[in-house]
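Asks: Let's see this in three dimensions:
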Amino acid sequence: MLRHISFVITFIIFSCERPLPVAQGGDNEIVIVTSKLDKPQIDSIISNILTDTLFTPQAEPYYKLIWVEPERFNDVKNYVNVVVAGIGNSPSNNGARLIKNLLSEEQYSSSLEGENHLIFSKNIFARDQNFLIINGPTFEKVNELSMDQGPWLKKQFDRLFEKRQGEFLFEESTLQKELQDSVFNRYGWGIKIPWGYTVIRDSSEQQIFWIGRDLPFRWLAIQWVDGLQFSDSITVVNYAKEFPVKFFKNIRYVDYKFKIEPSTFNEFGSWRISGLWESVEEAQGGPFISHLFYDEKSDRTYFIHSMIFHPGRDKYLLLKQVDIVAKTFYTSDQNNE
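Replies: Presented below is the predicted three-dimensional model:
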């Protein structure tokens, strides 16, 4: 547990009488508080944790890093994702001084002399907050641990991102409940449909339900087929690449950055397919994420496809929002559990 430093003791006392403030800033922003001296090394360590990049086709990091000097810690301590980082214990390093004040004596000693170089907690200065302290005697020691613990830490950032975005997307009063109920009653599966999405295609014959939202353009399509339709990575690729040709006509998945990987989709074992789509008729394209999985109880193969078109602008946040909508998918069996 972090020991709160002297200049926030008053705040902590008040927090006993009133709740912590809601965390500020963008859900896809990470504020990194470190000294100019340590920034190059901390940048390398952070890259072990935040490894994902979206190709749109231009490279776009999943999270935006905001670098802040230690003197400005009070200004940013209430942000959603806060990282305080330093290397060594030099009194002249303002980042090291800040970390020494933030940690208990035992934690600070352990971070320098032991293996406790990554100290993660939640809701320290605000609600819905990730708070990480990175500290160690040398870059090499911290870097080695960050490579080992990076995937777990990345998952914590992703979980909070999806939680906060879900609260934004699925405000109860804005959900299209009549449409949701209609889909579930007719097809035996359901999703949450936020305000602003309209039906583009709803076909029981083709077994596809496709919704979209414009300005900027976002599409979500759910397609299903009776029986197991794939057996290995080759059949997964074939199934995925045939999907846009069959249902979107003028849209194709391009080979550049096309990626498939074993994954999970809700409780289903799945294949995650990601990459770029392009129009064969117009100069249009963008990123997509799809999920292919088999539901043994209903004996159905499902393909859930998310894509966006937002030329010249950041795309990750929009694509992730559509994918979060996709992950509200449930079957009639899950609804009855």
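Asks: pLDDT at the residue nearest to Glu282 when sequence neighbours are not counted, what is it?
Replies: Nearest residue to Glu282, sequence neighbours excluded (C-beta to C-beta, 6 or more residues apart in numbering): Asn250, at 7.8 Å. C-betas here are computed from N, CA, C, even on glycine. pLDDT for Asn250: 90.
Asks: Which parts of the stretch 201-337 of the chain are strands?
Replies: For the stretch 201-337 of the chain, the strands defined by DSSP state E, counting those that start in this stretch cover 208-213, 217-226, 251-253, 259-265, 268-279, 285-295, 300-309, 330-331.
Asks: can you put those in JSON lines and add mean neighbour count and distance to Asp27?
Replies: Shown next, in JSON lines, are the strands of the stretch 201-337 of the chain (neighbours: other C-beta atoms under 10 Å; distance: least, C-beta to C-beta, whole Å):
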{"stretch": "strand 208-213", "mean neighbour count": "20", "distance to Asp27": "19"}
{"stretch": "strand 217-226", "mean neighbour count": "19", "distance to Asp27": "17"}
{"stretch": "strand 251-253", "mean neighbour count": "19", "distance to Asp27": "28"}
{"stretch": "strand 259-265", "mean neighbour count": "13", "distance to Asp27": "22"}
{"stretch": "strand 268-279", "mean neighbour count": "19", "distance to Asp27": "20"}
{"stretch": "strand 285-295", "mean neighbour count": "22", "distance to Asp27": "17"}
{"stretch": "strand 300-309", "mean neighbour count": "22", "distance to Asp27": "17"}
{"stretch": "strand 330-331", "mean neighbour count": "18", "distance to Asp27": "24"}
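Asks: TSV for the ones you listed, including distance to Lys315?
Replies: Formatted as TSV, the strands of the stretch 201-337 of the chain follow (distance: least, C-beta to C-beta, whole Å):
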stretch	distance to Lys315
strand 208-213	14
strand 217-226	10
strand 251-253	16
strand 259-265	16
strand 268-279	11
strand 285-295	6
strand 300-309	6
strand 330-331	27
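Asks: of all those, which lies closest to Val33?
Replies: strand 285-295 (31.1 Å; C-beta to C-beta).
Asks: Mind listing the strands that closest one pairs with, and their directions?
Replies: Strand pairing for strand 285-295, determined by DSSP bridges: strand 268-279 (antiparallel), strand 300-309 (antiparallel).
Asks: for the strands of the stretch 201-337 of the chain, which one sits closest to Gly136?
Replies: Among those, strand 259-265 comes nearest to Gly136, with 31.8 Å by C-beta to C-beta.
Asks: quick one, that closest one and strand 285-295 angle?
Replies: Put simply, strand 259-265 runs at 50 degrees to strand 285-295, going by axes from the mean of the first three to the mean of the last three C-alpha atoms, to 10 degrees.
Asks: remind me which residues of the protein are low pLDDT?
Replies: For the chain, applying pLDDT under 70 flags the ranges 1-18, 56, 335-337.
Asks: Which of the three states applies to the residue positioned nearest the centre of it?
Replies: Of all residues in the chain, the one closest to the mean position by C-alpha atoms, centre = their mean is Asp158, 3.9 Å from it. Here Asp158 is helix, with the state taken from DSSP: H, G, I helix; E, B strand; the rest coil.
Asks: Can I get the strands paired with strand 285-295 in a markdown table including distance to Asn89?
Replies: Shown next, in a markdown table, are the strands paired with strand 285-295 (distance: least, C-beta to C-beta, whole Å):
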| stretch | distance to Asn89 |
| --- | --- |
| strand 268-279 | 43 |
| strand 300-309 | 46 |
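Asks: For Ile304, see how far away the residue nearest to Glu282 is.
Replies: Using C-beta to C-beta, to the nearest Å, Asn250 is found at 21 Å from Ile304.
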